[in-house]
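Engineer: dropping the sequence and predicted coords here.
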Amino acid sequence: METKPTGLAAVLQTDTPQLFEAAVLRACELLRAGQAVALPTETVYGLAANAWDPDAVARIFEIKGRPAQNPIIAHVASLELAKRCSTQWPPLADRLARAFWPGPLTLVLPRAQTIPEILTAGGSTVGIRWPSHPFMQAVIQRCGFPLAAPSANLSNRVSPTNARHVLQQLGHKISLIVDGGQSQVGIESTVLDLSASPPRVLRPGMIQPETLLAVTGELGLGPGPGSDTLKSPGLLRQHYAPRARLILWAWNNDSDLRTLLKERGFNRSKTHIIAHTRIPSALDFGGVCVIPRDAQAFARAIYAQLHECDDAGADLIVVEALPETNEWQALSDRLNRAAAI
């Protein structure tokens, strides 16, 4: 069933085979016409357009207000299509694809001429991912071309993990949002640069470096020296930010937390707390949310909680400092960028 509040994007449901098929047909119709539509993936919702059409990709940049130097990932639904996006497909790419695709891993490789420069921010490489969400796969297979699909939100804002988040930010800017349920990973993909030697993790995700090492044998972390051209999204200093100011803090007890807020002049009634271990009383805060001290569960929940804090009118969001272990690395990356001012 298609629902379309006045002036807003149509929202198509996918929870029966008939609705799923109707949504695939409508999404493909708009994508073939060069439009951008919001589609679900297992990581976050994406604002999708034909990756081979520079005008369609340009619409993504315009809708999001995305900086031109921030590249976009090309999403595929087969190895054949992935290889058409790159001039080189080394044996390591095959091994990684067998191990992690479909899934939340993006491989950076030399771009093919079929990929327009606008998608790669003028760079010589392209990020390629095969998402596991069945709806995204069905649309790509039906269209026959890869989809450029950064997160379906305004640039630098919190990524959407459900259709309502997309509607709130982009509902007046696009004509279609497909509701494929809550994103099951919850944060953006791991990005691995295969154009470097050894391969380098450009953006951490929920696939851990130790897991990648089992396939790659060696691994670097971060962009490394070289060109100023970004090879991956998610590398800007400020990103993933809610409207409210965000701070990462550690505290010992309620009194400690209240003292930190008082010393810095923050209004407790407009402060929302997101905690995982030391849970404060909710009596005089704007809100208190508890996410389990489990990295996978935290990833699935954190963006939705940041959206809820904004919806509730928070001036300040205090997130309890995360454990300093590898499994939390990607979440620390996202929240530190969200807290940057």
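Structural biologist: Here it is on my side, so go on. Numbers count the residues shown, from 1 in each chain.

Engineer: which residue sits farthest out from the middle of the chain?
Structural biologist: Distance to the chain centre peaks in the chain at residue 255, reaching 35.7 Å (criterion: CA atoms, centre = their mean).

Engineer: any idea which element that one lies in?
Structural biologist: According to DSSP states H and E, residue 255 maps onto helix 254-263.

Engineer: list the buried residues in that helix.
Structural biologist: Within helix 254-263, the residues scored as buried using 16 or more other CB atoms under 10 Å are 257-258, 261. Every residue, glycine included, has its C-beta placed from N, CA and C.

Engineer: before we move on, the earlier item: can you pull the pLDDT of the residue farthest from the centre of the chain?
Structural biologist: Looking at residue 255, its pLDDT is 91.

Engineer: in stretch 262-271, which residues are buried?
Structural biologist: For stretch 262-271, the buried set under the neighbour-count rule, 16+ other CB under 10 Å, comprises 266, 268, 271.

Engineer: the second one and residue 283 touch, don't they?
Structural biologist: No - using CB atoms under 8 Å, residue 268 and residue 283 do not qualify as a contacting pair, with a distance of 9.4 Å.

Engineer: which residues does the one helix or strand residue 211 maps to contact?
Structural biologist: Assigned by DSSP H and E, residue 211 belongs to helix 209-216. Identification of contacts with helix 209-216 by CB atoms under 8 Å, 6 or more residues apart in numbering yields 92, 95-96, 99-100, 190, 192, 198-199, 201, 219, 221, 326, 329.

Engineer: quick check: what element follows that helix along the chain?
Structural biologist: Using DSSP H and E, the helix or strand that follows helix 209-216 in sequence is strand 220-221.

Engineer: residues contacting the helix or strand that that following strand is followed by, please?
Structural biologist: Per DSSP H and E, the first helix or strand lying C-terminal to strand 220-221 is strand 245-249. With CB under 8 Å, 6+ apart as the test, strand 245-249 has contacts from 257, 260, 306, 315-322, 335-336, 338-339, 341.

Engineer: the same query, at a cut-off of 7 Å, please.
Structural biologist: Strand 245-249 is contacted from outside by 260, 315-321, 335, 338-339, using CB atoms under 7 Å, 6 or more residues apart in numbering.

Engineer: next one: stretch 155-164
Structural biologist: Here stretch 155-164 makes contact (CB under 7 Å, 6+ apart) with 11, 44-45, 64-67, 151-153, 166, 169, 177, 179, 182-183, 186, 188, 238-242, 303-304, 306-307.

Engineer: how about stretch 111-128?
Structural biologist: Applying CB under 7 Å, 6+ apart, the contact partners of stretch 111-128 are 51-52, 54, 57-58, 68-74, 76, 82, 84-87, 106-110, 148, 191, 195, 229-232.

Engineer: look up the closest residue to the most centrally placed residue in the chain, ignoring the ones flanking it.
Structural biologist: Centroid-nearest residue in the chain, with CA atoms, centre = their mean: residue 188, separated by 3.4 Å. Using CB to CB, 6 or more residues apart in numbering and skipping the chain neighbours, the partner closest in space to residue 188 is residue 43 (5.4 Å).

Engineer: how close does that neighbour sit to residue 22?
Structural biologist: Applying CB to CB, to the nearest Å, the value for residue 43 to residue 22 is 25 Å.

Engineer: domains of this protein?
Structural biologist: By the record's domain assignment, the chain is partitioned as 2-221, 245-339 (automatic domain parsing).

Engineer: any idea how far the longest one is from the chain center?
Structural biologist: Just to be clear, that refers to domain 2-221. Between the centre of domain 2-221 and the centre of its chain there are 9 Å (CA atoms, centre = their mean, to the nearest Å).

Engineer: returning to what we had before: look up how far residue 160 lies from the residue nearest to residue 188.
Structural biologist: Distance, residue 43 to residue 160, using CB to CB: 11 Å.

Engineer: now residue 173
Structural biologist: Using CB to CB, we find residue 173 at a distance of 13 Å from residue 160.

Engineer: check contacts around the residue nearest to residue 90 when sequence neighbours are not counted.
Structural biologist: Of all residues not flanking residue 90 in the chain, residue 194 sits nearest, at 6.5 Å (CB to CB, 6+ apart). By CB under 7 Å, 6+ apart, residue 194 lies in contact with 90, 92-93, 107-109.

Engineer: hmm, try it at 6 Å
Structural biologist: Applying CB atoms under 6 Å, 6 or more residues apart in numbering to residue 194 gives the contacts 93, 107, 109.

Engineer: that one and residue 109: what is the separation?
Structural biologist: Going from residue 194 to residue 109 by CB to CB gives 5 Å.

Engineer: same check, this time on residue 199
Structural biologist: Residue 199 is 11 Å from residue 109, by CB to CB.

Engineer: likewise residue 136?
Structural biologist: Using CB to CB, residue 136 is found at 20 Å from residue 109.

Engineer: those two: which has the busier surroundings?
Structural biologist: Legend: neighbour count by other CB atoms under 10 Å for residue 136 and residue 109, higher for residue 136 (27 against 22).

Engineer: show me where the stretch 101-250 of the chain has strands.
Structural biologist: Secondary structure of the stretch 101-250 of the chain by DSSP state E, counting those that start in this stretch: the strands cover 105-110, 125-129, 147-148, 176-179, 190-193, 200-203, 220-221, 245-249.
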